[in-house]
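Q: no sequence on this one, just coordinates:
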């Protein structure tokens, strides 16, 4: 399985190749083009400070000591949520420390003369109406403006909503609508893809012997039924293998979904060991990707 160091090395080489490529490959950035005025830069975590912390013997001596009842390490979504909840409960002696120059992590954003904008993909699906904690936060943030008197469902601020993008896939040399492979996919594989989505739909509505949903956010509201909890002991690859999902087109799609939503790869078991598919762009290759061990 590809490790973190190898991934970073390959990513760096790929980025360097892009930055050092001939200007003919960077047509939109060339002087004199219609897009030449568009400026940009790479933005990410403060890796320089992070590397310094890996060598504590090189750090300067501390200049002061702080006492606190609660210390929160990291000002990303989890740290900020914890800080907010503690403040909501009246806990004031709380210190939050952050490695970067600003809090937010992947949820950080910025603002220009036109509007606010995100640095990361921090969006969320319309929440379950039963998730009262999240709904309360969204109302506090102005995303929910009130509740419908008849249905009781939240009324969302249109300015905060975004529609699903219209995505296309380049498959076998042709464009198709949507990201689920379909064009030119063999009938047997199409049947697997359809069966996978039927299974997902069944699991969406499944409940355990305790009457709770099999899968629900927050996770502690999910069922404790062993038939669902035992899935935690399986990797996604093992689960797909058990269910007989062997379609290379389906595997490519699920690998893409895992990278897009979780920043990781869907593992594929081959020859008794874990393999991963090569990182791909959003458009699929003309043939299904081959596993790389």
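A: Arrived safely. The structure displayed is predicted, hence computed values, not measured ones.
Q: Tell me where the stretch 51-200 of the chain has strands.
A: 70-73, 94-97, 109-111, 116-118, 144-147, 154-156, 168-171, 174-177 (DSSP state E, counting those that start in this stretch).
Q: what separates the third one from the chain centre, distance-wise?
A: The reference is to strand 109-111. 19 Å (CA atoms, centre = their mean, to the nearest Å).
Q: Report the residue spans of this structure with pLDDT below the cut-off.
A: The model of the chain has pLDDT under 70 over residues 1-31, 44, 121-122, 267-293.
Q: Please tabulate the strands of the stretch 51-200 of the chain in a markdown table, including the columns mean neighbour count and distance to residue 265.
A: Where C-beta positions appear, they are placed from N, C-alpha and C, glycine not excepted. Listed next are these as a markdown table, based on neighbours: other CB atoms under 10 Å; distance: least, CB to CB, whole Å:
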| stretch | mean neighbour count | distance to residue 265 |
| --- | --- | --- |
| strand 70-73 | 13 | 27 |
| strand 94-97 | 14 | 31 |
| strand 109-111 | 10 | 27 |
| strand 116-118 | 10 | 24 |
| strand 144-147 | 14 | 35 |
| strand 154-156 | 14 | 34 |
| strand 168-171 | 18 | 19 |
| strand 174-177 | 12 | 24 |
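Q: Can you check which of those strands gets nearest to residue 132?
A: Closest of these to residue 132 is strand 154-156, at 10.8 Å (criterion: CB to CB).
Q: Can you list the neighbours in contact with that closest one?
A: The contact list for strand 154-156, computed with CB atoms under 8 Å, 6 or more residues apart in numbering, reads 126, 129, 135, 138, 139, 143, 144, 145, 146, 147, 148.
Q: before we move on, back to that, tell me which of the strands of the stretch 51-200 of the chain lies nearest to residue 62.
A: Among these, the nearest to residue 62 by CB to CB is strand 94-97 (12.8 Å).
Q: The closest one packs against which elements?
A: strand 70-73, helix 77-88 (3 or more CB pairs under 8 Å, 6 or more residues apart in numbering; DSSP states H and E).
Q: would TSV of the ones you listed with distance to residue 167 be doable?
A: As requested, the helices and strands packed on strand 94-97 are arranged in TSV below (distance: least, CB to CB, whole Å):
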stretch	distance to residue 167
strand 70-73	37
helix 77-88	25
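Q: out of the ones you listed, deepest packed?
A: Comparing these by mean neighbour count (mean count of other CB atoms under 10 Å), helix 77-88 comes out on top with a mean of 15.
Q: The residue nearest to residue 166 when sequence neighbours are not counted and residue 170, how far apart?
A: Using CB to CB, 6 or more residues apart in numbering and skipping the chain neighbours, the partner closest in space to residue 166 is residue 177 (7.7 Å). Counting by CB to CB, to the nearest Å, the gap from residue 177 to residue 170 is 12 Å.
Q: got it, and residue 91?
A: Per CB to CB, residue 91 is found 53 Å from residue 170.
Q: Equivalent analysis for residue 95, please.
A: 50 Å.
Q: circling back to that earlier point, wait, the residue nearest to residue 166 sits on residue 165?
A: No: when contacts are counted by CB atoms under 8 Å, residue 177 is not listed as touching residue 165 (11.8 Å).
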